[in-house]
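Undergrad: Give me the fold of what follows.
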Amino acid sequence: MITIAALYHFTPFPDPAGLRGPLADLCAAQGVRGTLLLAEEGINGTIAGTRAGIDAVLAHICALPGCDALEWKESSAATQPFGRMKVRLKREIVTMGVPGTDPRSIVGSYVAPVDWNALISAPDVAVIDTRNDYEVAIGTFRGAVDPETETFRDFPAWWAANKERFHNKRIAMFCTGGIRCEKSTAFLKAQGVEEVYHLKGGILKYLEEVPEEESLWEGGCFVFDERVAVGHGLRTLPHELCRACRRPILPEDRARPEFEDGVQCHQCIGEYTDADRARFRERQRQITLAAARGEMHLG
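TA: From the prediction side, this is the model:
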């Protein structure tokens, strides 16, 4: 059984580049795969491996400056959901693109999963999903507002254009694991919104802790690994990825006339050139050949 750990922590890293090598080396030695992002504002990522391997990497991260209070969310999978390990340097560990947005100095009020239903059911509360459009498409909380953003960078402009809709409302925000809400709630507080809340631990914690019969969540939660989507109890759902656009599809979508494995789906059929599709076909051919050899293609 593979252990999966999703984590983030905001803390000053004056030299994130200096942290990259030892962290990457440890992950390689422990056979841990996934993605970790390092920036001057902290660390973010999801990793997967054996119980011992994950414990070793988490212990290393907890020993980094300011990370002794690191929290993470765990789930499991029958097979390794990542093809490789990437430790990358970034400007931001979650990219909003608004300079000075610092969750360490100002942030919304955390709401535990057990208290979330009562909050978002209140008539004076507007619930905003801060995730991207393709994530919202497969699942969200009942009654939540979908900003229809393609990337998290689009959220500040969406808020500027729509903030009057939420006059005299308390704002409750949520995302997959909590990190986007750290920034979006900090942004709204800086914009003068007084009562801003966010779901502590994100959708993943809610699906883990709140019984399905009491849940206000509808559909699946997109995750950024080969599981694609999870549901209540963090069980893996039947969604797959279109290897062209990386959007989630269902098994029955493969039978649609627009679908070509590795090349296009009904959601992205008009988004690529003939040259793009030729390149995708060659990539898919290489993936098929690798699978026939019993290997994993990392392209």
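
Undergrad: Double-check that residue 68 belongs to a helix.
TA: No - looking at residue 68 with DSSP: H, G, I helix; E, B strand; the rest coil, it is coil, so not inside a helix.

Undergrad: That one against residue 58, yeah?
TA: No - if you go by C-beta atoms under 8 Å, residue 68 and residue 58 don't touch, sitting 11.9 Å apart. To be clear about C-beta, it is placed using only N, CA and C from the backbone, and glycine gets the same treatment.

Undergrad: Helix or strand: which one has residue 106?
TA: For residue 106, there is no helix or strand it lies in under DSSP states H and E.

Undergrad: Look at it and say how many residues are nearby.
TA: By other C-beta atoms under 10 Å, 14 other residues sit near residue 106.

Undergrad: Quickly note the distance from it to residue 254.
TA: Noted for residue 106: a distance of 46 Å to residue 254, by C-beta to C-beta, to the nearest Å.

Undergrad: Residue 89 too?
TA: For residue 89, the distance to residue 254 - C-beta to C-beta - is 37 Å.

Undergrad: just residue 274 next, same as before
TA: Computed as C-beta to C-beta, the residue 274 to residue 254 distance reads 22 Å.

Undergrad: So for the two, which residue has more residues nearby?
TA: Between residue 274 and residue 254, counting by other C-beta under 10 Å, residue 254 is the more crowded of the two (13 against 7).

Undergrad: Name all residues that make contact with that one.
TA: Taking C-beta atoms under 8 Å, 6 or more residues apart in numbering, we find residue 254 in contact with 240, 261.

Undergrad: Quick check: it is in a strand.
TA: No - Residue 254: not assigned to a strand; according to three-state DSSP it is helix.

Undergrad: Show me which of residue 68 and residue 58 is the more surrounded one.
TA: residue 58 (19 against 10).

Undergrad: So what does the more buried one have for phi and psi?
TA: With angles defined as degrees, to the nearest 10, residue 58 sits at phi -60, psi -40.

Undergrad: my read: it touches residue 67, true?
TA: No - using C-beta under 8 Å as the test, residue 58 is too far from residue 67 to be in contact (9.8 Å).

Undergrad: can you give me the strands for the stretch 51-200 of the chain?
TA: Taking DSSP state E, counting those that start in this stretch as the test, the strands found in the stretch 51-200 of the chain are 71-77, 85-89, 109-111, 125-129, 139-141, 170-174, 196-199.

Undergrad: in the longest one, what counts as buried?
TA: Taking 16 or more other C-beta atoms under 10 Å as the basis for neighbour counts, the residues of strand 71-77 that come out buried are 72, 73, 75, 77.

Undergrad: Ok, the third one next?
TA: For strand 109-111, burial by neighbour count (16+ other C-beta under 10 Å) applies to residue 111.

Undergrad: Tell me who's in contact with residue 88.
TA: Taking C-beta under 8 Å, 6+ apart, one finds 35, 36, 37, 38 in contact with residue 88.

Undergrad: name the element the first one belongs to?
TA: In this structure, residue 35 is located in strand 33-39 according to DSSP H and E.

Undergrad: Could you name the helices and strands sitting against that strand?
TA: Under the contact definition 3 or more C-beta pairs under 8 Å, 6 or more residues apart in numbering; DSSP states H and E, strand 33-39 sits against helix 16-30, strand 42-49, strand 85-89.

Undergrad: Of all these, which one is nearest residue 219?
TA: Among these, strand 42-49 comes nearest to residue 219, with 20.6 Å by C-beta to C-beta.

Undergrad: Give me the residues contacting the closest one.
TA: Against strand 42-49 from outside (C-beta under 8 Å, 6+ apart): 2-13, 27, 30-37, 54, 57, 61, 64, 66-67, 77, 80-82, 85, 93-94, 179, 223-225.

Undergrad: Many thanks, we can stop here.
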